[in-house]
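# Kindly return the folded structure for what I paste below:
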Amino acid sequence: MYSQPNNSEASLPSPSSSQSHLSTPPPTPPRPVRKQPHQIRLQPIGVDPNCIVGKVLTCVRRSPIHPSISLDFADDTTYQLRVDGYSPTYPGIPREFEMNSAMYPLLHAEGGRADVRLTVSHCRFVSLTPMSSLLEDMVG
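Here you go, the predicted structure:
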C-alpha cells in the first residue's frame, strides 16, 4: 500500500511504500475460455420433417443402447430420429432425447416398442442448447 506523504516528507517515500512500489502486482489469472454452444447445421442431415405430416404412425421403437428412435408408418416407410453429434466411440456426456410428458409413454413403452395408430399433424426440426452452455453464460 502507498502511504500518504507529509508536506515535510513529500520527496521521500516511506519504507513501506517503497517496498510495495518496487514489488510487482500478482499476475491476473487468464479468463477461462468459454465453449461455444453447439451450432445448428444450416442444412440438417436427413429429410425435411414436414414430409411425414399426414402419415399414419403405427409403431415407435427406441434403441436400448443408443439415443435413436425408429418411427414406422402405415405406408411401409421408416424414419429414424437421432441425436446430432452423438458418437458411441467418443466418451463424454451421455446424449438423450428431451421430451414433454405426453411423449414419455410412447418412447418409454415396455420392451422399447409402442404400437399406435396416430396421424402426424405437426413435425419440426428442433435444436436445444446444452444446459452447461446456458449456465456458463449466466455465471461467466
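# Which stretches in this structure count as helices?
Taking DSSP state H as the test, the helices found in the chain are 15-22, 104-107, 131-139.
# pLDDT of the shortest one, averaged?
Just to be clear, that refers to helix 104-107. Taken as a whole, helix 104-107 has a mean pLDDT of 82.
# Not counting its own residues, what contacts it?
Outside helix 104-107, the residues within contact range by C-beta atoms under 8 Å, 6 or more residues apart in numbering are V60, R62, I69, F97, M99, A114, V116. From N, CA and C alone the C-beta is placed, and that goes for glycine too.
# Extract the C-alpha set from that helix and format it as CSV.
Provided in CSV are the C-alpha atoms of helix 104-107 (Å, rounded to 0.1, in the frame of the first residue of the first chain):
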residue,chain,number,x,y,z
TYR,A,104,-42.9,-40.1,-22.5
PRO,A,105,-45.3,-43.1,-22.6
LEU,A,106,-44.6,-43.6,-26.3
LEU,A,107,-40.9,-43.5,-26.0
